[in-house]
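S.K.: The following block contains a protein sequence and its predicted model.
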Amino acid sequence: MSVLENIKEFKILLNKTDCRLVAVSKTKPVGLIKEAYEAGQLDFGENKVQELREKPGQLSADIRWHMIGHLQTNKVKYIAPFIYLIHAVDSLKLLTEINKQALKNERIINCLLQIHIAQEEHKFGFDESGLVELLSSQEFISLQNIKVAGLMGMATYTEDHDQIRSEFRKLKKLFDEIKGTYSASNLEMQEISMGMSDDYRIAIEEGSTMIRVGSKIFGPRIYH
């Protein structure tokens, strides 16, 4: 099917949910992103800062760019002027740098805190105790040019759907607990970014508000 038809299918799927689609456009040419945009898609996700620096100037200004990959502190300055949402914030150090660059650009940058919910050790993110420690700290409360808008997580890469469901459920439970417990001017728990091309249906059922899908829209990933 074409990009247009794939976008239409996702619109039908998400129509009666509180979830929206972030089209993962990493490695994809500008022409394909234009096709998705013309089909009504506004949210696009990239995981490399270099691509995020190059693509916006070639595309419509109303596109909402999401940084969904692991972000190094020394690269924040390149995306701070325009980034819509940073999904994978996994340390106070990174959050502090985002705040610094947001202040320089006279804006508030929305972020999601990445939570480690998978069995795989190589994935990044806070554990529950680390998250509580962060949100309770004066250092976090003092960051007034960021807004933590929710949580993000990646499930284990497995065909065991029960395990995936359990991990997503754990993230949703943690989200609800944080939303009900913590209050700060830079904290507004609205989003749970979970679910990708292989597990987005389970994520939607478990309360995701953002699914990050690439291959089901654009076809197989192009490797450089």
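M.R.: Received, thanks.
S.K.: if I pick the most centrally placed residue in the chain, what's in contact with it?
M.R.: Central residue of the chain (CA atoms, centre = their mean): H87, 3.3 Å from the mean position. H87 makes contacts with G45, H66, M67, I68, C111, L112, Q114, M152, S193, R212, as judged by CB atoms under 8 Å, 6 or more residues apart in numbering. C-beta: built from backbone N, CA, C; applies to glycine.
S.K.: Distance-wise, check it relative to K16.
M.R.: 24 Å (CB to CB, to the nearest Å).
S.K.: Ok, I7 next?
M.R.: Where K16 is concerned, I7 sits at a distance of 17 Å (CB to CB).
S.K.: who's more crowded, the two?
M.R.: Neighbour count, other CB atoms under 10 Å: between I7 and K16, I7 has more, with 21 against 7.
S.K.: Test my guess that the more buried one contacts L42.
M.R.: No. Using CB atoms under 8 Å, I7 is not in contact with L42; the gap is 10.8 Å.
S.K.: nearest to F218, of the contacts of H87?
M.R.: In terms of CB to CB, no member of the contacts of H87 lies closer to F218 than G45, at 11.4 Å.
S.K.: Check whether that closest one sits in a helix, strand or coil.
M.R.: Under the three-state scheme (DSSP: H, G, I helix; E, B strand; the rest coil), G45 adopts strand.
S.K.: What of L112?
M.R.: Assignment for L112 (three-state DSSP): strand.
S.K.: ranges for the strands of this protein?
M.R.: Counting by DSSP state E, one finds strands in the chain at the ranges 20-24, 43-46, 64-67, 85-89, 109-115, 146-153, 187-193, 210-213.
S.K.: Indicate which one of those is closest to S136.
M.R.: Taking those one by one with CB to CB, strand 187-193 is closest: 11.3 Å.
S.K.: Return the distance of that closest one from the chain's centre.
M.R.: 10 Å (CA atoms, centre = their mean, to the nearest Å).
S.K.: Specify the angle between it and strand 109-115 in degrees.
M.R.: Using axes from the mean of the first three to the mean of the last three CA atoms, to 10 degrees, one finds that strand 187-193 and strand 109-115 are set 60 degrees apart in direction.
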